[in-house]
Every structure is written in C-alpha cells, then in structure tokens.
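[1] Build the 3D model from these lines:
(chains A and B)
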Amino acid sequence: MRKMKTILSKYNLLLVLLVSLVITSCSNNEDGDTSAGLEDGKSTVIRDLAGDTNGSMGEGVDGKTKKGFDTFLFRFSDKKQIWIRNAADSTQYLKTKDWDIAFTGPYNSEVYVNKGSYQYNPGYGGSATSAVVKIDNPYAEVTEAPSDQEFSASEINKIGWAFSDAANGWFFYSLDTHLMIPIKNRTYVIHLPDGKYAKLELINAYQGNPPTVTNLNWPAPYFTFRYFVQNDGSKNLKTK
Amino acid sequence: MKITPKKHIYLLQLLLLFPIITQAQIEMRGSLSGKILDKNGSPVIGANLVLQPDMHQASTDKKGDFLFRDIIAGEYTIAVSNIGFKTYQNTILIEAAKNNTIKITLEEEENALQQVIVYGKETKVDNLLDIQRSAMPVTVITKETIAQMGSRRLDEILKEQTGIAVVNEIGGGARAVGVQMQGFGSDYVMILIDGQPMVGRNSGNFDLSRISVSNIERIEIIKGASSCLFGSEALGGAINIVTRHGAFQPQALASFRYGSLNIADATLEGETPFHHQRGSANISANYYRTDGFNTDPNFLSGGTTAPPYDDYTLQGRVRYRLTENGTLGASGRYALRKSFMKQIFGSNENQNSAGDSQDITDINLSVTYDHNFNNGLRSMSRYYLTRYVSDMSVLWEESGSQASAEKFAQTLHRFEQQFSYSATANLKFTGGLGGNVEQMDNRDFNVPGGLWSSFGYLQGDWKITDKFEAVGGVRYDHNSNYGGKFNPSLGLQYHVIPKLTLKLALGSGFKTPDYRQRYQVFMNPVANYLVIGTEVLRGTLEEMKNNGQISEVRDYLVNQLDKNLQAEKSLSFNGGFTYTPNKNIKLDVNAFYHTISNQINSIRVATGTNIRDIYTYQNLPKSFNTGIEMSASVKPLSGLDLSAGYQYLVAKDRGVMDSISKGTGAYASIRDNATGLFRKSKLSDYFGIENRSRHMANLRLAYNYSPWDLTANVRVNYRGKYGFVDNNNNRFLDQYDIFVDGHFLVNAGIEKKLMKQRLSIQLTADNIMDYTDRLMPGQPGRVVLLGLKYRFYKE
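    Numbering: from 1, shown residues only, chains lettered A, B, ... in the order given. Have a look, this model is predicted:
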C-alpha cells in the first residue's frame, strides 16, 4: 500500500511538471523587428523601396517581362524615385544634378553616386561631381565627413558585390545559396552634387529587411536604406 | 450497430482478400501447447514464441500458457523471448494428430534493459544480412517506443535520438529537409525499407516525413561507414525501416489522431495467418495531413515555412510457405504526397505570394523467395523495384512568374541472391551477389539505358571464444562508369567480464557522383548561373565559346576537372564499451572518428557574357567528424524507465583549416560585423561545418503503471548552437556569423488502455514550451494531439 502511494505521488509530480510545462511558452527572437533601431530622429529611413521586380537575370524565366533590370535614380531631398525606362528618361534625367544615387545592374544591387566624369557611371557626361568614401564603422558613429582631399582621392565607383575584404561593395554574395548578405556597419559618406555632405547605409535588398534570409525565393529587390544630409553645408554628420 | 468479433474477422478477411481455405490435410497436423515459467516457477506473461521455419507466432497468456494449432507435423525450432529474459531456443518434434506439450523455464537476462530483441534473431524474413550484427554501432527503435512517443512521421522519431538531427538546407529550397547523423549530412545516410534502398532526394536530402511510422516493426540505425553492407551512399550510415510482418492470429487495428495544426493521422491495419498458418498477410493504410506552420510571422504575413501536406500510404506484406523448405514473400508500398505551401511576403501593393507545390509518388515493390537446404545452407532470392516521382514548382501569384520548376523521376531495379551458412554453431557466413539498374530523368538530363552496377559481398559472424566475438566482411561494388570499389569492415567485441564489454569497429564507405554531378547542364535563370556536369564540361564550354557566350575560362581548372570527378570516400572508427553493473543500469560510451575525402562541391570555372557564373564540380580535400556518444538507462523503480543520451561533436573541413592557416584568399581575414573592423583570421576562429551542433543531449522518463494500464512519458531534447550561414564573407563559420541558438524541445505523452487493452486513449504534446526560431523553418510550435486506437482480435 505504501508503495502504491509513492508511485501515485510520483505520478502526481509528473503531472504537475507536465502542466507547468504546458503553461510556459517561449520563442526565440534573434529576429524580431530589425528595422526598429534604424530611426534616430534625424536620418531618413526608406523601407522596402521596390526595385525592378519584373526583371530577371537570365532569359526564359516564365512570366518575367524581360531580361535585365531597369535602372532607377534616387534623390535624397524629397525621397524621389526616378525610373529610367527608355531613351527619353535617360535624356531627361541622367546627366542632371537632380539625383543623388542610382540603383543599377542585377537586382538593382549596384549603386553609384552621381559622377559625370566616370565612364561607367549612369551620369557619365553630366556635370555632377559627386564622390563617395567608404567607412567601416557603424552608421551612428560616423559623425563627420572626411576631408575634400579624401573625397577626390577616392576611387570608389560601383558599390555592389564585395568580393573580398578590400572591396568597397555593400553586400557579400554566398556562392552556396546565391543569396546577398548585406555588410553590417559599413557606412558611405557622399559629397552630393549640390555640395552638401551626406552619409548613407544600405541595409537590405530583401523584402521586409529580414536579419537573415531563410528562403531561397525571398522577394527582391526591395531596398531598405537610411541616410542623413547635412543641410547647413558643414561636415557635421552627427545623428545621435 | 453491434459488431460481433466473428463478424469483424470475417470483414477483415474480406477486406484483405485472403483465400479462405477451411479444410486441408488436418490429419497431417498436430498442435503444440505448453507453459512458460521463470526460475521461480511463476508464469511469464506475454512471452513471444516463434516456430521456425514457418514463422508461426504465439504469445503466452496470463497463466503463461500458449497454444499453436494445426501445425504441419515435423521438426521445428522453437524460440521463446521476452524482455528481461535470455532467448530460449530448442528443437522440438510435433507429431501428427496429437497435442504435444512442453514446459519451458526462461533464464533471466543480465543485461535486462536491452529491449532490442523481440522475436530473437529469426526475424530475417526477407533479408539474410543481419543488420543488428553490423560491425558499426547499431541502435534499434522498437515499435513499443514508437507507440509511446505518439509520433506520426519518421523524422519525428529520429530527431529524438542521440546524435541525430533533422536539418533544413536553405540552399536546397524550402523543402530540402534531411537527417544528420554523427555529423554526416543527409547525402551520406542511406535510407532502406526492409533492407532495400529507398530513392528520391532533394539536393541530396531525403525527407523522412515521407514515411509514416504506422506499420513499422522497428527501425535499425547504423552509425558510421556501412558501404560494406549496402554499397554506395551508405558512406556515413544507414537507417533501415523494418515493416510489420508475420501474424499468429487475425487482428486489426484502427487509430485516429487529431489536434493542433489540423493534424489528422488515420490508420487502418490488419494482419492474419491463412491456409493453416502457412501464410501470413499484413496490410496497412494511412492518411496524414497537416496545415504546416509559420515560424516566421514577423516577415511572412501569411502562409507557412513548414509545408502543409496530405499523405496517403498503402502498405502490404504477404508470406506463404510453398513447400517445407521454401517460402515466398512479397511486399509493396505506395505513397502519395500532395503539398501546396503558400508564402506571403509584404503587404498591399507590395505583396508577393509564392505558391510552392510539390506532388510525390513513391512506389516500393519486392518479391523474395527463401529456401532452406538440408545441409544448413539458406538461400534468399530478392527482386526489388522502386520508383519516385516528384513534381515541384514555385510560382509568384501576383506577377504570374515562375521562381522554379522541377520534375524528376528515379527508378531502381535490383536483383540479389543471398546465402547464409552456419559452418559451426559459432561461425556463420552470409554472402550475396546482385545487380542494379537505375534510371533518372528530369527536363534537364537523362541518360539513356540507365546506370548499371553490380555487387558481391561476404560477411562473417564468429564467436571465437565465450569472451571474444568478431563480425566483419567485404563488399565489392562495380559501377558501369566508376569501375570497382572495395569496402571492408571489422567489428570486435570483448566481454572482459559479463558486465563489461569492449567494442571496436572499423569500416569504409563510398558514394559515386550522381547523374546531376556528371551529366546535367543546369541553368538557373532566376539567379543566373549555370552548372555543368564534369563529364560534359569541356564540350559544353567549347560549344558556348564558339557561340560567343564565354568571356573568361579558368583553363587550368577545366583541364583538372573535366571527366575527372572521383567517388567520395569515408573511413570510420568506433570504439567504446557497454557496462551493465546490474540488471537495472546500463551505460554505453562510444567514441567515433570519421574522415570523408573527395567530398564533392561546386566551383566556378568560367564567366559568361550573359550568364554571370558557370560552375562545375570538384573533389575537396578531407573533412572529419569526431566526437563521443554516451547513453545511459536506469530503472530505479519497477515501471519507471529513465534514459539519457549525449553527443559531443566536432565536424571540420581540413581544406578550410589549411586555407585559414595559409591565409588563402577570403579565408585570411575575419570581419567583426559589430565594429566593422577586419583582422587576420586564426585557426581557432573556425567553428566547424554548418548545421553541426557541438552538444546534443536527450533525456527520457517513461512510467508504466500496469494495474491501471497507464503509461506516461516526458522527453527533453537539447540541441546546442549551430552555424547557419557565413555572414562576413570569409567562407567559414566564425563567432561573427549567424548561429541558431541552442535550445530545448520538450515532448510528453500519456496513454491509458481500456477494455482489456483493446482501446487506448493517448494524449501527446510535442514542443510543449512552444519554442520556435525563424532559422528553424521546419520546427513547428506546440502540437497537442488526442488519439484513439482500437484493436480487433479474438480472445
């Protein structure tokens, strides 16, 4: 009888354990809202700006309208996205100072600043003389634009796939999964066509700005990026 | 409606389409009855009895009594087994027209916890190779364990075993899920059903959720290189599913489970002997469905990350003794999966919905003929056919564009002739010869005529002395493209004292490159890359060059790789001991070291004018998995079982280690993503291969209170952190990369049997803590299911 009782009490213990387990619940969030920390009150945050989602890399992709991707331009001052769909668009916008950055190439992933002197720049032949410097530091800690000498010495043109640690691109590319992996805490400081200084962080090309892409078919290109333009013309880029 | 027992047995026979033969040669038959007792003279209840060679089965009732009726007169081997007792074997004579009686006293087993042997060793009904006597360590999961866990699909059972993980491979798409064992990826683990290989993989991953666990008799898991038994593919191990067979009385089972995620699991099973126990038949039908689960609600506004699916499985097995020495067997399995998974990204005008569908058809058929010669030689002739067809596509609903589509079919025919011979009571040989032809086709490639291969093997099982046992063998595989491969294995056991056994095992494995790696020219238009099989590498590149499609070729690589892809190879070492200080405690410790060489991986060989990257395959230098595995079980009280397992694993690629040491290319540096700073990488920065956890552990507590026919269990599984993806572009995992956090998953179940154990009610809860992580897209949250099971049988 005593033995029976011990067994029963053990069983009760098990039940209590079970019930308590059922009530508790947990879930891991590496992952919650990664965009939460982007707002600093001063910078402009652009979320999920659609690139050319109808383009495709190769031919013969059912349902995609064409091969290749249309370039688009972006102006910081009024967050304007300008599409270059045809020759008329090219003539109207490319050689002007009306844009600050251009998204070109595969998945619009190759970014240029507006620099008329460089042969492969979308604004080649125009009058804009923008320049960009890469700083491997968190965005918030980049508080001052470098000297003008540094800008003129900078050889950064295309900002795209960073093949190696010396490359200036904004993302790594996994040869195993064929996914882009944005480089964390890399900031670009730009001397804009209008002479102002700005800093830019390119954050993601995948829709919703996921911290890690967990699906091969995750929709792209949808750009998340933030920037700050110092409107008083100084080199002060403090956003904290 | 009231169903009398008679009526439903009749229904059952009708259902199973059995020949109902009522009168036959009664005069040549006799019966055998008796009692099974333990050493104290108490009856042994529920002991299993098997009469060979006919496989008549019976079990003892509450008084320890058993009865075999209508047995053809003659000499038989009787085997009696029960958990906690040594298996009893003897020869008996059944005389015609007589009730023969026998009384058997069972000896207690010292290693009483080893509940592996249920029917003794005579269960090799259609495979003479005794997988449980393999040189490499073997784990057996019995149907009792499976029933207690309340699991529905094979992946759920396996991921609770020590050293086994079920892993999503992101690079293979949302449906690439496979098993990982002692650090070996799914590509290197062969899956077999009743000793015959199953086919159908997705980027090398075999999705174990395709297999329903209803109708499984037991699962045998071999860890380590087992090509000596199974040939190519069993480079890292094998999992053999043994389906139910044999029947000693007509019975049937109906079960239904329902709960979270609208999971429904319905099974109908029946088995019966026929023609006076000369034949037996088993049939099982299962339907399973789930809604799938979304582990990523923050980024997926709708749909699921674990696919919803409907699975239908029909399985059957028939055996019939044609003559005194010959038995014919046949088995078949037909499985169908229909799955449609929606994944909704974004919202409003930016919404993108992927419609990901997959249909799978899976057929396995086998016929065996088993013959015993008078001189002790036994022969088994086996023919096996399997066919797998998968039709997958991913469609973007808003734009109507296709993200991917693949239709794939694989067929394998195999003929095998096996022999076994017991030279003496302590020395047994098993050998075989066979041939395969395999066909694979999809829209991109197809080799006419198929791939032919042949094989031969010889295994020996030798009890040298009472203390020393050896098992070993060799297998030779010949492939029409790859020539011959020779794989030996050796396992030694030394019983230092009855309580302590030392074990040592060595084995080798190989895997020939598949069609895809050899002949396929695969274009991914979405990501814009092309992969060329090595056999057609130079030809394809030259053709493209002539068409002006190539901008740069790395010629030295082409020279080196063209038509030169080697088979992958492995070597496994296992060593450890089993210690059973008393009948309630058992401890197993095993250290393992596996090396894999010539691993196949893709490499970029050219750049195109339109196509950005052109790849082919190369052999990589060595990688290794090493670690230690421990398991312990204790029975502190009667009815209470406590078991625990732990695996420590280091899995690294020697090529990566060399590149880090030498500072080659991207491997030379490491970027701290928090500070943006680069520094030189050190060998100690290397964490190991993706998806491998250093630590894995499990704890299981099961309680059986037999007066109430009540069982309950709680299982805790721990998986230590593991690497997900390289996040700083140096192509190896270091501390700054993305890791999946270590986590505990808790499962429990409780079952009550009623109506003389005919009816059972079971409540199970998987992942009770509701732990999810978006980096584990295949692991659903809490799942609670209620199940009812009813057994139909004659008293």
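[2] pretty sure residue B:274 is touching residue B:281, no?
    Yes - taking CB atoms under 8 Å as the definition, residue B:274 is a contact partner of residue B:281 at 6.4 Å. Every residue, glycine included, has its C-beta placed from N, CA and C.
[3] helix or strand for residue B:602, which one?
    strand B:599-608 (DSSP states H and E).
[4] returning to what we had before: can you pick out the residue with more neighbours from residue B:274 and residue B:281?
    residue B:281 (24 against 19; other CB atoms under 10 Å in any protein chain shown).
[5] coming back round to it: strand partners of the strand holding residue B:602, parallel vs antiparallel please.
    Strand pairing for strand B:599-608, determined by DSSP bridges: strand B:550-553 (antiparallel), strand B:613-620 (antiparallel).
[6] pLDDT below threshold where in chain A?
    A:1-36, A:56-67 (pLDDT under 70).
[7] try it again with 80
    Counting by pLDDT under 80, chain A shows low-confidence ranges at A:1-36, A:55-68, A:163-166, A:175-177.
[8] how about the residues of the stretch 251-400 of chain B that lie near chain A?
    Proximity of the stretch 251-400 of chain B to chain A (CB under 8 Å from any CB of the partner chain) is limited to residues B:296, B:298-299, B:305, B:343, B:345-346, B:350, B:352, B:354, B:356, B:394-396, B:399-400.
[9] which of the residues you listed lies closest to residue B:38?
    Nearest to residue B:38 out of those is residue B:305 (CB to CB; 53.3 Å).
[10] How many neighbouring residues does that closest one have?
    25.
[11] My guess is it contacts residue B:343. True?
    Yes - under the criterion of CB under 8 Å, residue B:305 makes contact with residue B:343 at 7.4 Å.
[12] circling back to that earlier point, just the buried ones from the residues of the stretch 251-400 of chain B next to chain A?
    B:296, B:298-299, B:305, B:343, B:345-346, B:350, B:352, B:354, B:356, B:394-396 (16 or more other CB atoms under 10 Å in any protein chain shown).
[13] would you turn the residues you listed into TSV with pLDDT and secondary structure?
    Conversion of those to TSV gives the following (pLDDT from 0 to 100; DSSP: H, G, I helix; E, B strand; the rest coil):
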residue	pLDDT	secondary structure
B:296	93	coil
B:298	90	coil
B:299	92	coil
B:305	94	coil
B:343	94	strand
B:345	93	strand
B:346	88	coil
B:350	86	helix
B:352	93	strand
B:354	93	strand
B:356	93	strand
B:394	90	strand
B:395	91	strand
B:396	90	strand
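[14] what's the farthest-apart pair in the residues you listed?
    Pairwise over these, using CB to CB, the maximum falls at B:298 and B:395, 24.2 Å.
[15] and whatever helix or strand residue B:645 lives in, what does it pack onto?
    For residue B:645, the host element (DSSP H and E) is strand B:640-653. If you count contacts as 3 or more CB pairs under 8 Å, 6 or more residues apart in numbering or on different chains; DSSP states H and E, strand B:640-653 packs onto strand B:623-634, strand B:695-705.
[16] So for chain A, which of those strands sits nearest?
    Nearest to chain A among these is strand B:695-705 (6.5 Å), distances taken as CB to the nearest CB.
[17] which residues are contacting that closest one?
    Outside strand B:695-705, the residues within contact range by CB atoms under 8 Å, 6 or more residues apart in numbering or on different chains are A:7, A:10-11, A:14, B:148, B:160-163, B:165, B:639-649, B:710-720, B:742.
[18] ok, back up a step: the inter-axis angle of the strand holding residue B:602 versus strand B:623-634?
    Orientation check (axes from the mean of the first three to the mean of the last three CA atoms, to 10 degrees): strand B:599-608 against strand B:623-634 gives 140 degrees.
[19] tell me the angle of strand B:599-608 relative to strand B:640-653?
    40 degrees.
[20] Give me the contacts around strand B:599-608.
    Residues outside strand B:599-608 that contact it (CB under 8 Å, 6+ apart): A:175, B:513, B:517, B:530-532, B:537, B:541, B:544, B:549-554, B:557-558, B:561, B:565, B:568, B:613-620, B:623.
[21] tell me the secondary structure for residue B:228?
    Following DSSP: H, G, I helix; E, B strand; the rest coil, the label given to residue B:228 is helix.
[22] Which residue, neighbours along the chain excluded, lies closest to it?
    Nearest residue to residue B:228, sequence neighbours excluded (CB to CB, 6 or more residues apart in numbering or on different chains): residue B:489, at 3.7 Å.
[23] May I have the beta-bridge partners of the one you found?
    Where residue B:489 sits in a bridge, its partners, by DSSP bridges, are residue B:473, residue B:507.
[24] Thought residue B:406 was touching residue B:394, still the case?
    No - using CB under 8 Å, residue B:394 makes no contact with residue B:406, being 9.6 Å away.
[25] Just confirm residue A:123 contacts residue A:102, I think it does.
    Yes - proximity of residue A:123 to residue A:102 meets the contact threshold set by CB under 8 Å, at 7.2 Å.
[26] which neighbours do those two share?
    Contacts common to residue A:123 and residue A:102, judged by CB under 8 Å, 6+ apart, are A:112, A:114.
[27] ok so, going back, make JSON lines from the helices and strands packed on strand B:640-653 and add distance to residue B:156 and mean pLDDT to it.
    Putting the helices and strands packed on strand B:640-653 into JSON lines (distance: least, CB to CB, whole Å; pLDDT from 0 to 100) gives the following:
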{"stretch": "strand B:623-634", "distance to residue B:156": "20", "mean pLDDT": "94"}
{"stretch": "strand B:695-705", "distance to residue B:156": "13", "mean pLDDT": "94"}
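[28] Columns mean neighbour count on top of the ones you listed, output as JSON lines?
    Listed next are these as JSON lines, based on neighbours: other CB atoms under 10 Å in any protein chain shown:
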{"stretch": "strand B:623-634", "mean neighbour count": "19"}
{"stretch": "strand B:695-705", "mean neighbour count": "19"}
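[29] and the ones you listed as TSV, adding distance to residue A:40?
    Formatted as TSV, these follow (distance: least, CB to CB, whole Å):
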stretch	distance to residue A:40
strand B:623-634	45
strand B:695-705	40
